[in-house]
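S.K.: My questions are about this predicted structure, shown below with the sequence.
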Amino acid sequence: MKPQFSILVPTYNQADFLKEALDSLLAQSVQDWEAVVVDDGSTDHTAEVLKQYTALDPRIRAFTQQNGGTAAALNTALSQARGTWICWLSSDDLFTPDKLAVHQRWFTLCPDCKFFFTYFRLRIEATGQTFNQHGLWGPLPQRRYQALGLLVRNFISGISVCIHREVFDKLGGFSQELRYGQDYDRWLWISSQYPGVFIPEWTCISRNHAGQGSEVFPQACYYDTARAAVRFLSRVSLPDMVPLCDLSRPDTAVDVLNEALRIALEADAFLYWFGATPALFFNCFKWIAHYPDETVRSALWQMAEERLTGAAGALPESAFAHMVRVMLLAAVSRTPAAAETEVNPAWAGQQLYCDLTLAGDPRKQALEKYFCEFMHTELFPPDLNIAGLSVAVACGPEELAWVQQRAQNWVRQGADVLILCEGAAELAYRQGVYILRCSFQHLLDRNLPGSFTVGLHTCTTTLPVQAQQVHVFNRNFNLSEHSRRCSQKLSLKRLRKRLDFRRIINHFIGT
């Protein structure tokens with residue numbers, strides 16, 4: 001007979017903690033459960049503990065596999081689980097005695113919900129202190145904005161969840177590519193199709209101790225989370241993220257865009273922990289461009305322009321500020337993101353590495369380690385002559401491939417680059433380079449805040465805009481000093497007219 005609950009218990013070299021975790025299951029007031037324990041290649045006395053507990057209670061079922069990480073162990077447990085509802089208990093954590101009873105009660109209160117999560121208590125092993133009414137790790141958004149809210153912070157504790165088996169049957173198990181972010185990745189996908197119900201009760205105890213992965217390499221948790229968020233955004237649309245919202249209603253459409261842009265402009269959101277990436281902006285612009293009602297579509301573009309205008313003038317110079325300025329130009333020119341664009345977070349990671357290196361920030365070492373161990377690639381060191389430069393380049397369609405190739409080299413060495421090209425409206429992000437195709441007429445006679453400083457043009461194409469619009473913006477680079485290095489004495493006015501992208505690129509990169 002199928003149990004009502006299957007509790008997945010992945011474990012690796014935590015034999016002593018495992019005993020307490022299993023004892024917390026045996027203490028449950030609800031008895032209709034099974035525990036599926038997967039030993040992920042432990043080398044301590046985990047096998048002896050499992051032998052003892054499987055003999056003690058047949059509801060505890062044990063499986064052993066070669067070490068593959070938490071996601072692999074969870075997926076093995078899922079494949080063996082027989083229950084209707086799935087819970088997760090890490091082997092170093094505990095359930096409160098009424099954990100399953102609380103969920104049973106909420107099944108009745110919310111019969112259509114397939115996904116529940118709760119508060120958790122926090123125990124600090126080093127001090128023995130327990131916070132019995134610990135809050136969530138992040139702000140709890142409205143239920144209709146759950147997937148969007150997860151882009152800011154992960155407010156869902158994995159050991160607090162209770163998920164209907166149907167959800168995993170439809171969406172699949174945990175991503176083994178994300179060693180530290182496999183749980184967050186699942187919550188994103190589940191929230192976008194089965195928005196969860198938050199239960200304001202404390203049903204589990206999370207331990208904090210020196211041996212857990214989040215303490216051994218804490219930065220990897222943030223990098224994995226950001227990568228999961230970008231990958232998610234590259235594979236869903238904005239409507240996919242808000243399944244409870246009727247976007248055919250103009251007032252709802254405005255509310256959703258307002259919330260999405262608020263999050264997209266939050267520089268410290270989890271989404272940006274791996275560097276500034278335009279994935280959420282792209283989702284917004286694709287959706288606006290295809291909104292069926294022309295009047296509402298125009299209002300949504302105007303709203304995006306106003307929000308970005310307000311942000312662009314207030315941001316300190318950074319790769320994030322460069323991205324916001326590019327998005328402002330796209331909103332002003334009513335340019336949608338390219339349909340096939342999938343943002344690769346590694347490009348943003350490279351730019352983040354250059355910024356950390358320039359700032360002498362020791363976090364660059366963690367980023368180097370992450371790229372080496374998790375992404376199996378190396379980072380490019382910044383060129384101090386280029387790094388910190390935020391540049392916009394105008395070119396003709398016939399020059400785009402040539403300019404893009406060299407711009408990619410520039411990005412790898414620390415610059416933030418936008419290429420503007422006359423043509424059918426389209427915004428793309430390729431190898432770290434923003435490419436905005438639009439009619440230049442849209443950008444004329446506009447006083448855009450926080451825009452680039454000195455206009456660049458190629459040999460054959462110039463962009464006739466005012467000085468405050470499409471230009472080179474420079475954080476740590478002196479144009480007067482540059483002109484002396486080039487043995488040219490040019491005033492800023494003459495420089496604006498005569499700077500040549502090919503000469504600048506060749507001078508700095510030597511190509």
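M.R.: Yes, it's here. Bear in mind that the values here come from a model prediction, so they are computed numbers and not experimental data.

S.K.: Residue 165 reaches residue 87, doesn't it?
M.R.: No - assessed by C-beta atoms under 8 Å, residue 165 is found out of contact with residue 87, at 11.3 Å. C-betas here are computed from N, CA, C, even on glycine.

S.K.: Who has more neighbours out of those two?
M.R.: Legend: neighbour count by other C-beta atoms under 10 Å for residue 165 and residue 87, higher for residue 87 (27 against 17).

S.K.: Tell me the secondary structure of residue 112, please.
M.R.: coil (DSSP: H, G, I helix; E, B strand; the rest coil).

S.K.: Same check on residue 428?
M.R.: strand.

S.K.: Can you name every helix or strand that the longest strand belonging to the chain contacts?
M.R.: For the chain, the longest strand by residue count, based on DSSP state E, is strand 197-208. Other helices and strands packing on strand 197-208, by 3 or more C-beta pairs under 8 Å, 6 or more residues apart in numbering; DSSP states H and E, are strand 94-95, helix 99-109, strand 115-124.

S.K.: now do 6 Å
M.R.: helix 99-109, strand 115-124 (3 or more C-beta pairs under 6 Å, 6 or more residues apart in numbering; DSSP states H and E).

S.K.: For those, which has the smallest mean pLDDT value?
M.R.: Mean pLDDT across these is lowest at strand 115-124; the value there is a mean of 94.

S.K.: for that strand, packing partners?
M.R.: strand 197-208.

S.K.: residues contacting residue 178?
M.R.: Taking C-beta atoms under 6 Å, 6 or more residues apart in numbering, we find residue 178 in contact with 185, 224, 228.

S.K.: what's the spacing between the helix or strand hosting residue 34 and its chain's center?
M.R.: Per DSSP states H and E: residue 34 is located in strand 33-39. When distances are taken as C-alpha atoms, centre = their mean, to the nearest Å, strand 33-39 is centred 31 Å away from the chain's centroid.

S.K.: What are the contacting residues of it?
M.R.: Contacts for strand 33-39 (C-beta under 6 Å, 6+ apart): 3, 5-11, 25, 46, 59-64, 73, 76-77, 80-81.

S.K.: Apply 7 Å and report the result again.
M.R.: By C-beta atoms under 7 Å, 6 or more residues apart in numbering, the residues outside strand 33-39 that reach it are 3-11, 22, 25, 46-47, 50, 59-65, 73, 76-77, 80-83, 100.

S.K.: Likewise for stretch 268-279?
M.R.: 151-154, 222-223, 225-227, 229-230, 233-234, 263, 280, 319-320, 323, 327, 343, 345, 348-349, 351-352, 429.

S.K.: at 6 Å what do you get?
M.R.: 151-152, 222-223, 225-227, 229-230, 233-234, 319-320, 323, 343, 345, 348-349, 351-352, 429.

S.K.: Show me how far it is from its chain's centre.
M.R.: Using C-alpha atoms, centre = their mean, the offset of stretch 268-279 from its chain centre is 6 Å.

S.K.: Likewise for stretch 208-219?
M.R.: Here stretch 208-219 is found 21 Å from its chain centre; the criterion is C-alpha atoms, centre = their mean.

S.K.: quick check: mean pLDDT across it?
M.R.: Mean predicted confidence for stretch 208-219 is 77.

S.K.: mind checking the end-to-end distance for that stretch?
M.R.: For stretch 208-219, the first-to-last residue distance is 16 Å (C-alpha to C-alpha, to the nearest Å).

S.K.: Looking only at that stretch, what residues are buried by neighbour count?
M.R.: Using 16 or more other C-beta atoms under 10 Å as the test for burial, stretch 208-219 gives 208, 212, 217, 219.

S.K.: Please tell me how far the closest residue to the first one other than its chain neighbours sits from residue 211.
M.R.: What it means is residue 208. Spatially, and ignoring its direct neighbours in sequence, residue 208 is nearest to residue 124 (5.1 Å; C-beta to C-beta, 6 or more residues apart in numbering). Using C-beta to C-beta, to the nearest Å, residue 124 is found at 14 Å from residue 211.

S.K.: thinking again about what came up before, mind checking which of the contacts of stretch 268-279 land in strands?
M.R.: Using DSSP E, the subset of the contacts of stretch 268-279 located in strands is residue 429.

S.K.: Give me the phi and psi angles of residue 155.
M.R.: The phi/psi pair for residue 155 (degrees, to the nearest 10) reads phi -90, psi 10.

S.K.: pLDDT score for it?
M.R.: At residue 155, the pLDDT recorded in the model is 95.

S.K.: Which positions within stretch 394-413 qualify as buried?
M.R.: Quick answer for stretch 394-413 (16+ other C-beta under 10 Å): 394-395, 399-400, 403-404, 406-407, 409-413.

S.K.: Take these and lay them out in JSON lines including distance to residue 145.
M.R.: Output for the buried residues of stretch 394-413, formatted as JSON lines (distance: C-beta to C-beta, whole Å):
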{"residue": "394", "distance to residue 145": "38"}
{"residue": "395", "distance to residue 145": "40"}
{"residue": "399", "distance to residue 145": "43"}
{"residue": "400", "distance to residue 145": "38"}
{"residue": "403", "distance to residue 145": "39"}
{"residue": "404", "distance to residue 145": "36"}
{"residue": "406", "distance to residue 145": "41"}
{"residue": "407", "distance to residue 145": "36"}
{"residue": "409", "distance to residue 145": "40"}
{"residue": "410", "distance to residue 145": "37"}
{"residue": "411", "distance to residue 145": "33"}
{"residue": "412", "distance to residue 145": "36"}
{"residue": "413", "distance to residue 145": "39"}
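
S.K.: in its sheet, what does the strand holding residue 34 sit against?
M.R.: Each strand paired with strand 33-39, and its direction, by DSSP bridges: strand 5-11 (parallel), strand 60-64 (parallel).

S.K.: Determine which stretch of those strands is the most buried.
M.R.: strand 5-11 (a mean of 25; mean count of other C-beta atoms under 10 Å).

S.K.: mean confidence for that strand?
M.R.: pLDDT averaged over strand 5-11 gives 98.

S.K.: can you check stretch 62-73 too?
M.R.: On average, the pLDDT along stretch 62-73 is 96.
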